[in-house]
Each structure stands twice: as C-alpha cells, then as structure tokens.
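# sequence first, then the predicted structure:
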Amino acid sequence: MPELPEVEITARRLDEALRGSVIASALAPGLNALKTFDPPLHAIDGRAIEAIRRRGKHLVVDVDGELSLLIHLMSAGRLQLFDKRAGMRDRTSRLLVRIEGSERELRLREFGTRQAAWVKLLRRPELEDDEALATLGPEAWPDPPALGELLADQGARPLHGVLRDQRVIAGIGRSWVDEILWTARLSPFKRADDLSGDEAAALRTAVFERLDGAIAHYEEVVTLPIPDKLPLPLLVHRHAGEPCPRCGATIEAVHYESYVMCYCPTDQTAGKVLKDRRLSRLLK
Ligand SMILES: [Zn+2]
C-alpha cells in the first residue's frame, strides 16, 4: 500500500535512473489504466524523460514537450524499472514505457484482481488543474502544515479518517496514520476539532518525524529494481497482539472491511480497548 514515503523513494530511484533517457515507445495494455486520450499516449514516443517526482501519493513523469504522465498506484500498483521488457501475457502490466537504446522498461504493474491503478497523460500547464492534484491538501512532508486550524475545520471527524483525507493533508494512508497517531500519543477516534495547541504541535512533529524517518530508512535499504514489497519500518501498524515498543502494553486492533487500525491503549486511549467492529458484526 504505497503512501508518501514509499512513493517518494520510488520517484527518487526512478529519477536517478531515467532522467534524460529517451522513450522509445509507450503502451497501455488493455487500455484499462489509461484515463485520457488527448494527447494520445504515443505523443511521448521519442521524447526525453525530464524528471520523475511525487505529488501526494501520485507519481509524475515529466516528459520533454511539456507533457506529464500522472500515475496513481492505488493500493496494489507499483512503478518499477526492469532490464527486460515484459512478456505480452504478463497480466500485471498496466503501462509499459520502453527506453531507447536498451531493453529497459518502466512498467506500471498491479497485483491482485482489481484494476484500480490509473494513468493520465496531461499537458504540463494543465497538470495541477487535474482533479486529482487540484483537490490535494498541503503536502504532509517535508514541511507539514500547522495542524491546529486545519483540523479544527474538520469538526467531529475522527483523526484516523481526517489524516488520511488527501483533501486535508496529502500523502498519509492507512499504514502511516497508525504510526503517526501512536507517535503523537493521540487516540485514532479523537475529534479533529478537539486538539489542544500542544497536541496539534505534537501531531505535526509526529507527521514529519515518521515520514522523514521512513524515507531516510528507504534511502539506506532500497535499490533498483524497487522490490514488490518495500520494507516498511512500522512499529505499531501490522503489530497487533505484540508488545508496544514504548510501554510494553499489548497493541490492539480494530478490523474494518479492508484494513486494520492498530493502536496502543495505554499510550493513546487512556487504557480503553476500542470495540472491534469485525467481532461485533459477527455477534449480531
Ligand atoms: Zn504503548
């Protein structure tokens, strides 16, 4: 589930490897992932890659001629560089960008049965006006916004949802929200408009420290080809049932339809164990 740190390291590694390379040809197998038709995808054939960068949880491939590919990996997509071209029967392929003068191929792949990852080819001046970017809140890293006022506007919404709302703050998802709230010692269900000045400041510090720490970790351990599964330095998320690394209490979890929220009851909820919706649904 790529979030800001995972997309950032992906952009950095691909930028280092591909900046200045010329695109031989691009194709979108099955046409399912490509959401635009003007300009056509072949408009980038023969053009140089100027930069690969991140916006929120999106990747942007800037191409010579004022064009940009905007890519969202969603939950199961990966953008990877391979030394060999994909076989035509590789069902994970969503976008293939072949690099001139080699067999190298920048490939958007997606695992699982759902096809959710998407690509748009946009004219650069229109890039930031695209709905996906125009609706993004301020970037969570490297300079997170002051959170007091920003969150006060969100009323009674719980922090766990608000911090993952890309329109409020861009880049945080289901993994890093658990880590950030644990670091700031805040309940996932605390109301967004119910933070003291100190709590809002601690939360902003936690946003920066955890995302920055993850990126620093990836700088140490991630090399090309970018692995399918990145080694996320998580302390709480995916650690339900294990001792809290700070206080030793058992990490608890709340199970939702498609994800799990983890927290330390001692540090975050004044000892209260939150209702597990999966259990309560089974008991109905
Ligand atoms: Zn704890």
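That came through, no problem.
# C-alpha from now on. contacts and neighbour counts both.
Fine.
# residues near His10, how many?
Just so we're on the same page, residue 10 is Thr rather than His. Neighbourhood size, Thr10 [other C-alpha atoms under 10 Å]: 28.
# how much space separates it from Ala33?
Note on Thr10: its distance to Ala33, by C-alpha to C-alpha, to the nearest Å, is 19 Å.
# and Trp182, how far is that from Ala43?
Taking C-alpha to C-alpha, one finds Trp182 at 47 Å from Ala43.
# Ala270 now?
57 Å.
# Asp193: what secondary structure?
coil (DSSP: H, G, I helix; E, B strand; the rest coil).
# so who does the nearest residue to Ser175 once chain neighbours are set aside touch?
Nearest residue to Ser175, sequence neighbours excluded (C-alpha to C-alpha, 6 or more residues apart in numbering): His237, at 5.9 Å. His237 is in contact with 175-176, 178-179, 260-263, counting by C-alpha atoms under 8 Å, 6 or more residues apart in numbering.
# likewise Ala146?
Ala146 sits next to 200-201, 204 when contact means C-alpha under 8 Å, 6+ apart.
# cool, and Thr36?
Contact analysis of Thr36 by C-alpha under 8 Å, 6+ apart lists 119-122.
# recalculate using a threshold of 10 Å.
Neighbour list for Thr36: 118-122 [criterion: C-alpha atoms under 10 Å, 6 or more residues apart in numbering].
# can I get the residues you listed in a markdown table including pLDDT and secondary structure?
Shown next, in a markdown table, are these (pLDDT from 0 to 100; DSSP: H, G, I helix; E, B strand; the rest coil):
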| residue | pLDDT | secondary structure |
| --- | --- | --- |
| Trp118 | 96 | strand |
| Val119 | 97 | strand |
| Lys120 | 98 | strand |
| Leu121 | 98 | strand |
| Leu122 | 98 | strand |
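# neighbour count added to the residues you listed, as CSV?
Shown next, in CSV, are the contacts of Thr36 (neighbours: other C-alpha atoms under 10 Å):
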residue, neighbour count
Trp118, 21
Val119, 22
Lys120, 21
Leu121, 26
Leu122, 23
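# for those, work out which two are farthest apart.
Trp118 and Leu122 (12.9 Å; C-alpha to C-alpha).
# quick revisit: out of the contacts of His237, which are inside strands?
Using DSSP state E, the subset of those located in strands is 260-263.
# any idea which of those residues the model trusts least?
Across the ones in strands among the contacts of His237, the smallest pLDDT goes to Val260, namely 93.
# that residue and Ala51, how far apart?
Between Val260 and Ala51 the distance is 35 Å, computed by C-alpha to C-alpha.
# what helix or strand is Leu14 located in?
When elements are assigned from DSSP states H and E, Leu14 belongs to helix 4-18.
# which helices and strands sit right next to that helix?
strand 49-55, strand 58-63, strand 77-82, helix 197-221 (3 or more C-alpha pairs under 10 Å, 6 or more residues apart in numbering; DSSP states H and E).
# so can I have a markdown table of those showing mean pLDDT, distance to Met1 and mean neighbour count?
As requested, the helices and strands packed on helix 4-18 are exported to a markdown table (pLDDT from 0 to 100; distance: least, C-alpha to C-alpha, whole Å; neighbours: other C-alpha atoms under 10 Å):
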| stretch | mean pLDDT | distance to Met1 | mean neighbour count |
| --- | --- | --- | --- |
| strand 49-55 | 98 | 15 | 21 |
| strand 58-63 | 98 | 12 | 23 |
| strand 77-82 | 95 | 8 | 22 |
| helix 197-221 | 98 | 14 | 17 |
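# and the ones you listed as a markdown table, adding distance to the ion?
Converted to a markdown table, these look like this (distance: least, C-alpha to the ion, whole Å):
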| stretch | distance to the ion |
| --- | --- |
| strand 49-55 | 33 |
| strand 58-63 | 33 |
| strand 77-82 | 33 |
| helix 197-221 | 15 |
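# same list, these, but as TSV with distance to Arg19 please.
Converted to TSV, the helices and strands packed on helix 4-18 look like this (distance: least, C-alpha to C-alpha, whole Å):
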stretch	distance to Arg19
strand 49-55	5
strand 58-63	9
strand 77-82	13
helix 197-221	18
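# Met74: neighbour count?
Using other C-alpha under 10 Å as the criterion, Met74 is surrounded by 17 other residues.
# pretty sure it contacts Pro2?
Yes. Using C-alpha atoms under 10 Å, Met74 is in contact with Pro2, at 7.5 Å.
# what do those two both touch?
57-58.
# overlap in contacts, Trp118 and Leu122.
Joint contacts of Trp118 and Leu122 (C-alpha under 10 Å, 6+ apart) are 36, 70.
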